[in-house]
Each structure stands twice: as C-alpha cells, then as structure tokens.
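Trainee: Sequence and predicted structure are below.
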Amino acid sequence: MNTKKTDTSSSGNTASSGKGGWSPTDEPMRWVDEDEETAAPRQQSGGGQKGQRIAKLLARAGVASRREVERMIEAGRIAIDGVTLETPATVLESLHGVTVDGKNVGSPLPTKLFGFHKPLGMLTTEHDPKGRKTIYDHLNAHAKEPLPRLMPVGRLDYNTEGLLLMTNDGEFKRQLELPSTGVERSYRARAFGEISQQQLEDLFDGIEIDGMRYGPIQANLERRTGHNQWIEMTLTEGKNREIRRVLEHFDLKVNRLIRTRYGPFRLDDLPKGEIVEIRAYDVVQFRKTLGKKK
C-alpha cells in the first residue's frame, strides 16, 4: 500500500509519505464532532423533491452506517432544529441544523481510507458492555497524530488479527462490504487436523453448512507443520466467522487467523497495532473499479 504511516506503538517516531493527511482535531475519535461547522442551509422535503435521505447523508458524513443511523433515529438520538426526528425517510438537501446526541453534524469531509493491523485480543466495536478492549481504545491511546472519525469496513473478531480497513465515509464502507461489489478478502489460517488439497479446491463451488450457504472460496494448502496446516483462503462474501465455520466443518480447529488482504490493499509488513492512511489517488482508482463488479 502507498500510505501515510502513523505509529500507534508505545514508542517510536511518526513517519509519513504519499498524499493526504490527518483531519485537524485534538479530540479522540468519536462519531460526531461538536466543533465542526455545519453545512449551508438545507430544505426538508418529501418524496419527489430534491435532496437525499438523512441516513445516507449521515453515513456520508461519517456519523455511522445507514443501518446504525436508522437505529439512532429509533432511539431518538437525532434531531433537526431541536426537534427529534421520527422517521429515517426524511429527505434533506444538507445537514444544516441536524444534531446527534445534541452535537452538530459537520458537512462531509473528503473520503479517507486507512489500513490498521489489528492485533489479537481486541474487539471491532466502539464500546463493549463487558469492558473488553476495543480497537478504538487502542487507537485513541496510541495514535501519535489525531485521527478523523473512523468506521471499520467489516469486522475481525476478538481472536482474529490482520488487516482491518477503516474509513470516515459510511457510504464507502457499505459499498466495500456488500457481496455484490465482489471485493476479495484473503486470509491465512493455521488449523489443527488433516485436510487434502482436493477438499479445499471443492470449496470453489461453494458449500452449505447447517442450512447456511457459503459462496465460492479459493483455498490452497500452503504448508504443513506437524499436525497444523497453513491454509490460504480468498472469498468475497465475508459472512460472520465464515472461515472458521468452513474449516470446522472439515473437523479442523483454527488456532490462528490472519487477514492479509482486502481488495488491492495488503497487510504486508505493517507492524501490529499501527494504522496507515492509504493514498487518496489509490482510493480514487479503487473506487472506479467497484462499479464494474458483477
């Protein structure tokens, strides 16, 4: 990846290269920044008039995904000119006067994409009721430069490590996650047990497990170390715990899982716990390919 690097380890200097930069904020990452300027005057409108649904506008502004915005509306957390919003079908021309939890929502910033090397032992979520460490705890504590509000593209579970893309653009996040865009995700899995290359190749036709249909998976036996197998797997759907469930179907016990690639962006030698900004040029070029997916 051509990136601008931010050291999130406990020591070391920050190095930078490539295009782009950090959004100027002295606050930890959060969904809404009360200090941002609001957009130009907007018009609330109904069907057939100009504007976009508020969920789409808020997702583009980096507040949350469309689905999460709808939940926030149901919870009464979003208001317009002080009046609590009751329906996600509201159409607006801008976010002027819109607040989330009483804080003004700024106009959308340019889309940014980051690559984070998620270590083991942290959740891909903002808060955990059980008090377990999250990716945001780590980034807020260790990032050497301020970060914009960021949302994870997909999730890596507590015991999965590797490349986690993060963006400030909810619409871009959604586009990257949709199976219909065909964005490939690659993993290396270390699993205890026995499996043949032919069994792995059969996964290219997809597989059904306990009533759940999984799409085509490209899988290759990389090497054996004793009774452990290192397996490379590439898929486009990314269903919850898909890799683990597919391998467990073959009586394999996954004891390490690393995401090595998401689309054209690779983990390579990015140190654990570090986050890097991907060049704006590379993001633009990648987005052009998404519309061509079938």
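Mentor: Received it, and whenever you're ready, just let me know what you need.
Trainee: remind me, longest helix of the chain?
Mentor: Ranked by number of residues, the top helix in the chain under DSSP state H is helix 280-290.
Trainee: That one: which residues count as buried?
Mentor: The neighbour-count check on helix 280-290 (16 or more other CB atoms under 10 Å) flags Ala280, Asp282, Val283, Phe286, Leu290 as buried. Using the backbone N, CA and C atoms, a C-beta is placed for each residue, glycine as well.
Trainee: Just give me the closest of these to Asp128.
Mentor: Distances from Asp128 to these, taken as CB to CB, are shortest for Val283 (29.7 Å).
Trainee: hmm, back to that, using JSON lines, lay out the buried residues of helix 280-290 together with distance to Lys253 and pLDDT.
Mentor: Formatted as JSON lines, those follow (distance: CB to CB, whole Å; pLDDT from 0 to 100):
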{"residue": "Ala280", "distance to Lys253": "42", "pLDDT": "93"}
{"residue": "Asp282", "distance to Lys253": "37", "pLDDT": "94"}
{"residue": "Val283", "distance to Lys253": "38", "pLDDT": "94"}
{"residue": "Phe286", "distance to Lys253": "35", "pLDDT": "94"}
{"residue": "Leu290", "distance to Lys253": "36", "pLDDT": "85"}
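Trainee: At which residues are the helices of this protein located?
Mentor: Counting by DSSP H, the helices of the chain are 54-60, 66-74, 135-142, 170-177, 197-201, 242-249, 280-290.
Trainee: ok, of those helices, where does mean pLDDT dip lowest?
Mentor: Averaged per stretch, pLDDT over the helices of the chain is lowest on helix 54-60, reaching a mean of 85.
Trainee: where's Lys144 relative to Arg259, distance?
Mentor: Distance, Lys144 to Arg259, by CB to CB, to the nearest Å: 24 Å.
Trainee: most tightly surrounded among the helices of the chain?
Mentor: helix 54-60 (a mean of 24; mean count of other CB atoms under 10 Å).
Trainee: residues in contact with that one?
Mentor: 64-66, 69-70, 73, 78, 85, 88, 90-92, 94-95, 98, 100, 105, 108, 169-171, 173-174 (CB atoms under 8 Å, 6 or more residues apart in numbering).
Trainee: Quick one: residues contacting the residue nearest to Trp230 when sequence neighbours are not counted.
Mentor: Among residues not flanking Trp230 along the chain, Glu222 sits closest, at 4.2 Å (CB to CB, 6 or more residues apart in numbering). Residues near Glu222 by CB under 8 Å, 6+ apart: Arg188, Gln229, Trp230, Ile231, Glu232.
Trainee: what's the burial count for the third one?
Mentor: Which is Trp230. By the criterion of other CB atoms under 10 Å, Trp230 has 15 neighbours.
Trainee: does it have beta-bridge partners, and which?
Mentor: Under DSSP bridges, the beta-bridge partners of Trp230 are Arg190, Arg223.
Trainee: Can you name the residues bridging to Val276?
Mentor: For Val276, the beta-bridge partners are Lys5, Gly115 (DSSP bridges).
Trainee: so it makes contact with Leu113?
Mentor: No - with contact defined as CB atoms under 8 Å, Val276 does not count as touching Leu113 (9.9 Å).
Trainee: Please say which of the two ends up with more neighbours.
Mentor: More neighbours surround Leu113 than the other of Val276 and Leu113, with 28 against 25 (other CB under 10 Å).
Trainee: what sits against the more buried one?
Mentor: Leu165, Met166, Thr167, Phe172, Phe265, Glu277, Ile278, Val283.
Trainee: Equivalent analysis for His249, please.
Mentor: Ile207, Ile209.
Trainee: before we move on, the earlier item: looking at Lys144 and Arg259, which one has more neighbours?
Mentor: Between Lys144 and Arg259, Arg259 has the larger neighbour count (other CB under 10 Å), namely 22 against 16.
Trainee: Right, I'll call it a day here.
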